[in-house]
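**Q** Generate coordinates for the sequence data below:
(2 chains)
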Amino acid sequence: SQTIHQWPATLVQPVGSPLSLECTVEGTSNPNLYWYRQAAGRGLQLLFYSVGIGQISSEVPQNLSASRPQDRQFILSSKKLLLSDSGFYLCAWTRGGYEQYFGPGTRLTVT
Amino acid sequence: DQQVKQNSPSLSVQEGRISILNCDYTNSMFDYFLWYKKYPAEGPTFLISISSIKDKNEDGRFTVFLNKSAKHLSLHIVPSQPGDSAVYFCAASLTSGTYKYIFGTGTRLKVLA
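**A** Here you go, the predicted model:
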């Protein structure tokens, strides 16, 4: 069966510090991978998605970036965090545009 | 431009009764629709989906209805249970091309015991 991991589960970072969130998927190959953010009281905002190694599509211009160094690894990064980057970050995967499965999420608080 | 809308931010239902959650979309090219349930501080859990070639899909207590002409879908939960209390998101996707998923803003369901 397929499993998706995200870490860390929670993170408190000062403004201006860098960020690296990691997501890995087990039990499947060549998944489509996604990063979402849920701000407090808001819906799920698609940030990035990737249909293959090295292929990243950005949905929202911001100071975040994503990379996919391996088939089942998706990384969300920032060089300098802003207060507005606080939120709940979710990684998800899918095969072929049907059911999409989410990881447990990372709660990021920028102080 | 919000392509998927959930106009009711919250809904309260008595235990044992039917819960109906609604979702509207604007892009007629969407061909796959999904419902997710989310508890606080957890990732969304997939509940049920429907292809645009169908108008109904049922799985246990959950039924999703799709009205393509109205660009409207709904999730029915019968009977509602206290454990169903959560935020429900609808999502729409294009199964060819970019495989992007567009989510609504969610409806918080509270089932009263």
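
**Q** Which stretches in chain A count as strands?
**A** For chain A, the strands defined by DSSP state E cover A:3-7, A:10-13, A:19-26, A:32-38, A:44-52, A:55-58, A:64-70, A:73-78, A:87-94, A:100-102, A:106-110.

**Q** now those strands in a markdown table, with mean neighbour count?
**A** All C-beta spots, glycine's among them, are computed from the backbone N, C-alpha and C. Below are those laid out as a markdown table (neighbours: other C-beta atoms under 10 Å in any protein chain shown):
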| stretch | mean neighbour count |
| --- | --- |
| strand A:3-7 | 17 |
| strand A:10-13 | 14 |
| strand A:19-26 | 18 |
| strand A:32-38 | 24 |
| strand A:44-52 | 19 |
| strand A:55-58 | 14 |
| strand A:64-70 | 16 |
| strand A:73-78 | 20 |
| strand A:87-94 | 23 |
| strand A:100-102 | 21 |
| strand A:106-110 | 18 |
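
**Q** how about the helix or strand of chain B with the lowest mean pLDDT, does it get close to chain A?
**A** Every helix and strand of chain B was ranked by mean pLDDT, DSSP states H and E. The lowest is strand B:101-103, at a mean of 89. Yes - applying C-beta under 8 Å from any C-beta of the partner chain, one finds strand B:101-103 touching chain A at B:Tyr101, B:Ile102, B:Phe103.

**Q** partners of the first one in the sheet?
**A** On the basis of DSSP bridges, B:Tyr101 takes part in beta bridges with B:Ser93.

**Q** got the contact list for B:His91?
**A** Rather than His, residue B:91 is Ala. A:Leu44, A:Gln100, B:Val4, B:Phe33, B:Leu34, B:Trp35, B:Tyr36, B:Tyr101, B:Ile102, B:Phe103, B:Gly104 (C-beta atoms under 8 Å, 6 or more residues apart in numbering or on different chains).

**Q** All set now, cheers.
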